[in-house]
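Undergrad: Predicted coordinates and the sequence they were generated for:
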Amino acid sequence: MKKAITTLIEQRISANQFDPSKTLSIADIEELVRLATLSPTAFNFQNWKFIAVHTPEAKEKLKAVAYGQQKIADAAVTFIICGTLEAHKGLAKALQPSIDAGIIDQAMSDAWVGMATGAHTDNPQRQRDEAIRSASMGAMTLMLAAQGMGLVSGPMIGFDPAAVSREFNLTANDIPAMLVAVGYAAAGNWPQKPRLPVQDILTIV
């Protein structure tokens with residue numbers, strides 16, 4: 001018998017058609033993001049930011065800088081998922097709850113902060129790579145969380161990053177990696193498209 005997560009992965013689609021009459025509560029939006037933040041990040045950076053675009057006014061503003069994609073208006077919410085630069089500067093704070101919970105000690109936290117600082121200071125490419133990785137993992141977990149709540153989702157890369165940053169007051173350290181529309185399915189969505197055979201993309205050594 002298949003595990004529930006396997007079924008969710010196999011049933012997930014990238015939705016383009018959403019029922020505009022159905023909304024999500026603030027509690028549901030917060031739960032989606034809570035689950036998304038259970039994704040892994042290097043050093044437990046948690047170097048991400050989620051902007052939930054759900055009011056009609058905010059949707060129209062986002063739609064205007066995302067090439068007029070109607071699903072932004074129709075979905076219950078569209079998340080702007082950002083990775084953040086200079087994550088090493090906030091790492092001590094991010095690790096403090098793990099110290100408080102007895103998972104790691106202060107010495108380990110200090111060591112991680114030292115390693116991260118050495119690796120990321122004056123290294124904008126590594127900072128950006130890490131930001132995109134973290135945002136992408138958070139986005140995937142959010143989409144699976146939506147699937148588990150009986151919703152559909154659609155990731156989008158069709159947007160103007162500079163305009164999104166400007167319209168939604170992002171900082172210079174916030175890198176919008178993708179948009180993810182979430183809501184209830186309407187008619188007309190494609191099923192999950194077939195994937196390449198595992199044999200074509202897997203090497204076992």
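TA: Alright, I've got the coordinates. Keep in mind that what you see is a predicted model, and the values were worked out from it rather than measured.
Undergrad: quick check: longest strand of the protein.
TA: strand 174-183 (DSSP state E).
Undergrad: Using CSV, write out every CA atom in that strand.
TA: The C-alpha trace of strand 174-183 is given here as CSV (Å, rounded to 0.1, in the frame of the first residue of the first chain):
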residue,chain,number,x,y,z
ASP,A,174,15.3,39.6,-0.9
ILE,A,175,15.6,37.6,-4.2
PRO,A,176,12.2,36.6,-5.6
ALA,A,177,12.8,33.0,-6.8
MET,A,178,9.3,32.1,-7.9
LEU,A,179,5.6,32.7,-7.5
VAL,A,180,3.3,29.9,-6.4
ALA,A,181,-0.4,30.2,-6.9
VAL,A,182,-2.6,28.2,-4.5
GLY,A,183,-6.3,27.6,-4.4
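Undergrad: What average pLDDT does that strand get?
TA: If you average the pLDDT over strand 174-183, you get 98.
Undergrad: Also stretch 14-23?
TA: 98.
Undergrad: then it to CSV, C-alphas only?
TA: This file holds the C-alpha atoms of stretch 14-23, laid out as CSV (Å, rounded to 0.1, in the frame of the first residue of the first chain):
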residue,chain,number,x,y,z
SER,A,14,0.9,22.4,-11.9
ALA,A,15,-2.5,24.1,-12.1
ASN,A,16,-3.4,27.0,-14.3
GLN,A,17,-7.2,27.0,-13.7
PHE,A,18,-8.4,28.1,-10.3
ASP,A,19,-11.9,28.6,-8.9
PRO,A,20,-12.0,32.4,-8.2
SER,A,21,-15.1,32.0,-5.9
LYS,A,22,-13.2,30.1,-3.3
THR,A,23,-10.9,31.7,-0.8
